[in-house]
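J.: Turn this into a structure:
(2 chains)
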Amino acid sequence: MLYKKRTHTCGDLRASHVGQSVTLTGWVDTRRDLGGVIFIDLRDRYGKTQVVFNPKHSEAIHTLAKELRTEFVISVSGYVEKRPDGTDNSKLLTGAIDVLADDLTILNKAETTPFPIDDKIETNEDLRLKYRYLDLRREPMQKNLLLRHTMYQITRRYFDEHSFVEIETPVLMKSTPEGARDFLVPSRINPGKFYALPQSPQTYKQILMVAGYDRYFQIVKCFRDEDLRADRQLEFTQIDVEMSFVDESDIQTIVEGLMQRFMKEIKGIDVAVPFPRLTYKDAMEGYGSDKPDLRFDLKCADFSTLVKESGFKVFTENVKKGGVVAGFAVPGGAAYTRNQMDNLVDFTKSLGVGGLAYIKLTEKGIESAIEKFLGNDVCMKICEAAGAKVGDNVLIVADNWQKTYTTLGTLRLEIAKRMNLIDDNKWNLHWVVDFPMFDYSEEEKRHVAMHHPFTAPNPEDAHLLDGDATKARARAYDLVMNGNEIAGGSIRIHDSSLQSKVFGLLGIGPEEAKMKFGFMLDAFRYGAPPHGGIAFGFDRIAMLFAGAKSIRDVIAFPKTSSGVSLMDDNPSTVDTKQLDELHIKLK
RNA sequence: GGGGUCGUAGCUCAGUUUGGUUAGAGCGCUUGCCUGUCACGCAAGAAGUCGCGAGUUCGAGUCUCGUCGGCCCCGCCA
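T.: Numbering: from 1, shown residues only, chains lettered A, B, ... in the order given. Okay, the predicted model is just below:
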């Protein structure tokens, strides 16, 4: 099709262009047909420009323009004219001028869209996802994708400046035990064998260290076949980093530098480094989370010793079993009605604990259903320990250490949301360090790596690997921004005998270790430098900078929480012929 | 695997508590009028598988059961 190509974008024209003959291309954003004269706002990703069709100027073009409808794609030519006095539109950057049309080509018509191409988001998300190309036409979404673009550029520039090498690693890799469920890819050429999509390029980047590329980075897609969340997709993007001859502080310094630059170039905010460090234990016992949001207070306190001799069986028996009784004070929470408290108790129970106890501290003193068990004195001591003031309400959970604190952590966030305690203009960045090496998995009846199996133990705790391994701390660190884990990494094991030992603790015997990770153990025998690294959750950072509620809003083509892409109806069934070639038979 | 919540016109929603007239509103859409609008205005009109399927009932958008889908959370996510 022949048509005039644009001379300017829809965001270009200013008063200085008045008198010029121009051509614009784009989508009809809105039309205002006044009968005699027709106005349209023409939109492309650079902006909007008002085009005027006036029969006095061109009768034929004005007649053709009557056909224009929203989202038609056109090429329009005309003269840039200064708008008549008093008709400027200060909402548009191009609002001082309009284009008086004398030529028009309708490049493509458009059906009425299923939802308006509008800045306001009030359309259901499933509809937006089904018609993603329309959703992505909206300015807020274009801004989000441009933000991502900026982040890619900042990242590449930053790491290049610091002598990092960008290296691509395979997408078809070896399936490894441990960690998230792999996405498997059958091999046609090797019947019965499978590749896996990377949960992360972990093994490759460590081997690159052995190969001498002592500063590596990559912006890379990772895949985990786990349930989705607002901040979790099946496929997501990491900034993957690995460095040799370093310790924790070297990695953290590099990370802090990148975050500083992101904050400066994207948000215009100077952040101080180094970021505060918080131990895993303090994070959990203080805020009930290994990624606490420190933009607000609500700090937890341990009441176990206060209540262990009390008459309240739920508490005493829990403490006797080695559990914890803990909680935090809600400022002004004594004003909660019975209904609000019932609601909060139900919410807490839905998290999988027995219940939620509470003590209101009012001007009249203690108000609590458990006062008759604990006694006034203990209740007062609990209030004191929680730092409660008159008018506050101390929420208390009793269960094992893990359950108590994670429940309090979830509760803490819920309270903060309900009471509007979170200042959206605040940016809180901090490290969480001293993670345990291992978690005990009830399900699998064995230790599992808290970070991953290549994480080095804290040298001070190395002896614990032969004893109570669960007490051993790892050289792992997470970066937390506004309550979101946005990066996590560790110093790695670079010694094959220590690596074998850790595999053993994870229940991976020598045979299995050789089969699954033999290549790595081999590599470590040929001069592996001390090394460590980190990986950023790119989508999460983009989400936070965009002020979005979900990473779906910063991903061009995301999947629903059931892992479906509504636009292209994916995943879908395949032909038997395809399965045959892959030597696969469906159950 | 579990809990919560939502599903009514193209879109956003009201109506469901207490079953009962022809299922409404705003926006959008179509048509007509309108020469400086920019949320254009005015007038008229079209538009519904009340997610789907059973059941209860004289009668179901409304009640019951099941099911599908979106979103949030727990588990899971080294």
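J.: Tell me which other helices or strands the helix or strand bottoming out on mean pLDDT in chain A touches.
T.: Within chain A, confidence by mean pLDDT, DSSP states H and E is lowest for strand A:438-441 among all helices and strands, at a mean of 83. Helices and strands touching strand A:438-441, by 3 or more Cβ pairs under 8 Å, 6 or more residues apart in numbering; DSSP states H and E, are strand A:446-449. Backbone N, C-alpha and C define where each C-beta goes, glycine included.
J.: For the strand it packs on, which residues meet the burial criterion?
T.: A:447, A:448, A:449 (16 or more other Cβ atoms under 10 Å).
J.: a markdown table for the residues you listed, including distance to RNA strand B and pLDDT?
T.: Shown next, in a markdown table, are the buried residues of strand A:446-449 (distance: Cβ to the nearest atom of the strand, whole Å; pLDDT from 0 to 100):
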| residue | distance to RNA strand B | pLDDT |
| --- | --- | --- |
| A:447 | 10 | 86 |
| A:448 | 5 | 89 |
| A:449 | 4 | 91 |
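J.: can you pull the buried residues of the least confident helix or strand of chain A?
T.: Buried, per 16+ other Cβ under 10 Å, within strand A:438-441: residue A:438.
J.: roughly how far out does it sit from the chain middle?
T.: Relative to the mean C-alpha coordinate of its chain, strand A:438-441 is positioned 25 Å out (Cα atoms, centre = their mean, to the nearest Å).
J.: Same check on stretch A:509-518?
T.: Centre-to-centre, stretch A:509-518 and its host chain are 34 Å apart (Cα atoms, centre = their mean).
J.: Over to stretch A:262-275?
T.: That offset, for stretch A:262-275, works out to 18 Å (Cα atoms, centre = their mean).
J.: end-to-end on it?
T.: By Cα to Cα, to the nearest Å, the extent of stretch A:262-275 from end to end equals 15 Å.
J.: Leaving out the residues flanking it, which one is nearest to residue A:446?
T.: Excluding the flanking residues, the one nearest residue A:446 by Cβ to Cβ, 6 or more residues apart in numbering is residue A:507, at 4.3 Å.
J.: Tell me how far the one you found lies from RNA strand B.
T.: 13 Å (Cβ to the nearest atom of the strand, to the nearest Å).
J.: residues touching that residue, list them.
T.: A:444, A:446, A:447 (Cβ atoms under 8 Å, 6 or more residues apart in numbering).
J.: Now it. Its backbone dihedrals?
T.: For residue A:507, the backbone dihedrals (degrees, to the nearest 10) come out as phi 80, psi 20.
J.: what number of residues lie near residue A:409?
T.: Look at residue A:409: counted by other Cβ atoms under 10 Å, it has 25 neighbours.
J.: What sits closest to it if chain neighbours are left out?
T.: residue A:288 (2.6 Å).
J.: Can you report how many residues lie near residue A:515?
T.: 11.
J.: same deal with residue A:396?
T.: Residue A:396, neighbours per other Cβ under 10 Å, totals 25.
J.: thought residue A:433 was touching residue A:477?
T.: Yes: counting by Cβ atoms under 8 Å, residue A:433 touches residue A:477, with 4.9 Å between them.
J.: of these two, who's got more company?
T.: Between residue A:433 and residue A:477, counted using other Cβ under 10 Å, the more crowded position is residue A:477 (25 against 20).
J.: A helix includes the more buried one, no?
T.: No: counting by DSSP: H, G, I helix; E, B strand; the rest coil, residue A:477 is not found in a helix; it is strand.
J.: Let's see the pLDDT reported for it.
T.: Confidence at residue A:477, expressed as pLDDT, is 97.
J.: And residue A:585, by the same measure?
T.: Looking at residue A:585, the pLDDT reads 91.
J.: Kindly provide the distance from it to residue A:196.
T.: 20 Å (Cβ to Cβ, to the nearest Å).
J.: ok, back up a step: with distance to residue A:302 as new columns, can the contacts of residue A:507 be given to me in JSON lines?
T.: Converted to JSON lines, those look like this (distance: Cβ to Cβ, whole Å):
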{"residue": "A:444", "distance to residue A:302": "30"}
{"residue": "A:446", "distance to residue A:302": "29"}
{"residue": "A:447", "distance to residue A:302": "26"}
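J.: does the residue nearest to residue A:552 when sequence neighbours are not counted belong to a helix or a strand, and which?
T.: Nearest residue to residue A:552 in three dimensions, chain neighbours excluded: residue A:558, at 4.0 Å (Cβ to Cβ, 6+ apart). Taking DSSP states H and E as the definition, residue A:558 sits outside all helices and strands.
J.: ok, residues contacting the helix or strand where residue A:24 lies?
T.: Taking DSSP H and E as the definition, residue A:24 sits inside strand A:21-33. Taking contacts as Cβ under 8 Å, 6+ apart, the residues outside strand A:21-33 that touch it are A:3-10, A:13, A:38-44, A:48-49, A:51, A:66, A:68-80, A:99, A:103, A:107, A:110, A:117, A:137.
J.: among those residues, which are within reach of RNA strand B?
T.: Residues of the contacts of strand A:21-33 in contact with RNA strand B (Cβ under 7 Å from any atom of the strand): A:39, A:41, A:69, A:70.
J.: Next secondary structure after the helix or strand hosting residue A:239?
T.: According to DSSP H and E, residue A:239 maps onto strand A:235-244. Counting by DSSP H and E, the next helix or strand C-terminal to strand A:235-244 is helix A:248-262.
J.: Could you tell me which residues within that following helix count as buried?
T.: Neighbour-count burial for helix A:248-262 [16+ other Cβ under 10 Å]: A:248, A:251, A:252, A:254, A:255, A:256, A:258, A:259, A:260, A:261, A:262.
J.: residue contacts, the first one?
T.: Residues in contact with residue A:248 (Cβ under 8 Å, 6+ apart) are A:433, A:475, A:477, A:491, A:532.
J.: wait, what's in contact with the first one?
T.: Which is residue A:433. A:248, A:277, A:278, A:279, A:280, A:476, A:477.
J.: From RNA strand B, how far out is residue A:564?
T.: Counting by Cβ to the nearest atom of the strand - residue A:564 and RNA strand B are separated by 4 Å.
J.: what about that residue, how many residues close to it?
T.: Residues near residue A:564, counting by other Cβ under 10 Å: 16.
J.: That one against residue A:572, yeah?
T.: No: assessed by Cβ under 8 Å, residue A:564 is found out of contact with residue A:572, at 9.6 Å.
J.: Work out for me the element residue A:200 sits within.
T.: Counting by DSSP H and E, residue A:200 is part of no helix or strand.
J.: what do you get for the one 5 residues further on?
T.: Under the criterion of DSSP H and E, residue A:205 resides in helix A:202-210.
J.: give the contact list for residue A:481.
T.: Residue A:481 neighbours (Cβ under 8 Å, 6+ apart): A:259, A:427, A:428, A:429, A:541, A:544.
J.: Pull the number of nearby residues for the residue of the stretch 401-550 of chain A found nearest RNA strand B.
T.: At 2.9 Å from RNA strand B, residue A:452 is the closest residue in the stretch 401-550 of chain A, using Cβ to the nearest atom of the strand. Neighbour count of residue A:452, defined by other Cβ under 10 Å: 20.
J.: Make sure I have this right: residue A:345 is in a strand.
T.: No: using three-state DSSP, the assignment for residue A:345 is helix, not a strand.
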